[in-house]
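Enquirer: pasting the sequence and the predicted coordinates here, then a few questions.
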Amino acid sequence: MGILEVKDVGKRFGGLQALSDVNLSVKENSVHAIIGPNGAGKSTLLNCLVGKLIPDTGSVMFDGQSVLGRAPYEINQMGISRVFQTPEIFGDLTVLENMMIPCFAKRDGAFELNALSAVLKQNDILERAEHMLEEMNMADKRGMHAAALSRGDKRRLEIGMCLSQEPRLLLLDEPTAGMARADTNNTIDLLKQISEERDITIAIIEHDMHVVFSLANRITVLAQGTPLVEDDPQNIRGNPKVREAYLGESA
Ligand SMILES: Nc1ncnc2c1ncn2[C@@H]1O[C@H](COP(=O)(O)OP(=O)(O)OP(=O)(O)O)[C@@H](O)[C@H]1O
């Protein structure tokens with residue numbers, strides 16, 4: 001039994017069956033990649049896991065509890081945290097102020113941006129945020145405006161903000177999209193370190209096969225809204241159907 005169990009999930013948008021009969025089991029402490037061509041249904045599936053969409057059929061269980069019908073913030077509190085394609089950080093705030101926001105939400109269950117000045121006076125929040133920045137190797141950037149960070153550092157900050165909530169499942173939606181190779185490699189190293197050092201499960205949607213094969217120990221290939229195959233990376237690489245359809249002959 002995985003920490004995340006998706007059973008027979010289907011989702012239709014008008015006349016389009018975006019997902020059908022999706023079964024997925026994500027093992028605790030694994031890095032599980034979901035790959036597939038454009039329009040395969042990867043984002044739709046992710047949205048069904050975090051409460052942004054409700055499937056028409058099937059079930060989604062996290063650690064034995066159904067996530068269906070729960071609001072995104074409730075699912076977040078259950079221990080699922082999501083990193084978006086575009087970093088969700090506040091560019092006008094400093095790196096430290098950004099990091100304080102999820103620390104506050106973790107302590108009090110909610111956060112309003114206009115409460116920031118009050119938050120800045122709270123030592124426990126400040127200590128926690130500074131500790132997280134040290135863990136993310138970003139302490140030297142604490143006073144910078146987040147907008148001035150490199151793409152890779154914006155991603156690093158956002159991942160740190162997610163981790164400060166101590167999730168058990170981290171969902172990543174193309175975390176290296178649009179990044180130069182150096183930033184991509186830094187992000188791969190960061191995610192490897194997180195997966196090795198923390199008691200955490202990672203599920204990642206990714207187009208970049210270098211990222212997928214560097215990180216994943218399990219891969220599900222989605223095609224036209226339904227899983228084509230789920231296997232270990234070496235078998236996915238060698239699977240002729242997958243090679244032909246998704247990876248290209250050079251993979
Ligand atoms: N809100 C929506 N309303 C209508 N159709 C949608 C909606 N969201 C997604 N779709 C359609 O559902 C199908 C699956 O889309 P989805 O974005 O999940 O695919 P994807 O695998 O994430 O693709 P990509 O790799 O391009 O991001 C596509 O045909 C898409 O156009």
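Expert: Nice, I can see it.
Enquirer: correct me if wrong: residue 224 contacts residue 42.
Expert: No. The pair residue 224 / residue 42 is not scored as a contact, 11.7 Å apart, by CB atoms under 8 Å. Heads up, the C-betas are built off the backbone N, CA and C, glycines and all.
Enquirer: out of the two, which sits in the busier spot?
Expert: residue 42 (22 against 14; other CB atoms under 10 Å).
Enquirer: ramachandran coordinates for that one?
Expert: phi -60, psi -50 (degrees, to the nearest 10).
Enquirer: count the neighbours of residue 40 for me.
Expert: Count around residue 40 with other CB under 10 Å applied: 23.
Enquirer: count of neighbours near the closest residue to it other than its chain neighbours?
Expert: Nearest residue to residue 40 in three dimensions, chain neighbours excluded: residue 222, at 4.3 Å (CB to CB, 6 or more residues apart in numbering). By other CB under 10 Å, the residues close to residue 222 number 25.
Enquirer: ok so residue 222 is a helix residue?
Expert: No. Residue 222: not assigned to a helix; according to DSSP: H, G, I helix; E, B strand; the rest coil it is strand.
Enquirer: that one touches residue 228, doesn't it?
Expert: Yes. Applying CB under 8 Å, one finds residue 222 in contact with residue 228, separated by 6.9 Å.
Enquirer: in this protein, which helix or strand is least confident?
Expert: In the chain, no helix or strand scores lower on mean pLDDT, DSSP states H and E than helix 116-119, which sits at a mean of 62.
Enquirer: please, where are all the helices along this structure?
Expert: Listed in chain order, the helices of the chain (DSSP state H) span 42-49, 72-78, 95-108, 116-119, 123-135, 151-163, 181-197, 209-215, 233-238, 240-242.
Enquirer: tell me which of these lies nearest to the ligand.
Expert: With CB to the nearest ligand atom as the measure, helix 42-49 is the member of the helices of the chain nearest the ligand (3.3 Å).
Enquirer: which other helices and strands does that closest one contact?
Expert: Counting contacts by 3 or more CB pairs under 8 Å, 6 or more residues apart in numbering; DSSP states H and E, helix 42-49 packs against strand 4-13, strand 16-26, strand 31-35, strand 57-62, strand 169-173, strand 201-205.
Enquirer: can you add distance to residue 142 and give the helices of the chain back as TSV?
Expert: Converted to TSV, these look like this (distance: least, CB to CB, whole Å):
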stretch	distance to residue 142
helix 42-49	31
helix 72-78	25
helix 95-108	4
helix 116-119	15
helix 123-135	6
helix 151-163	10
helix 181-197	18
helix 209-215	28
helix 233-238	37
helix 240-242	44
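Enquirer: worst average pLDDT in the ones you listed?
Expert: Ranked on mean pLDDT, the bottom entry among the helices of the chain is helix 116-119, at a mean of 62.
Enquirer: output the set of residues of the chain in proximity to the ligand.
Expert: 13, 16, 18, 36, 38-44 (CB under 6 Å from any ligand atom).
Enquirer: run the last query once more with 5 Å
Expert: 13, 18, 38-44 (CB under 5 Å from any ligand atom).
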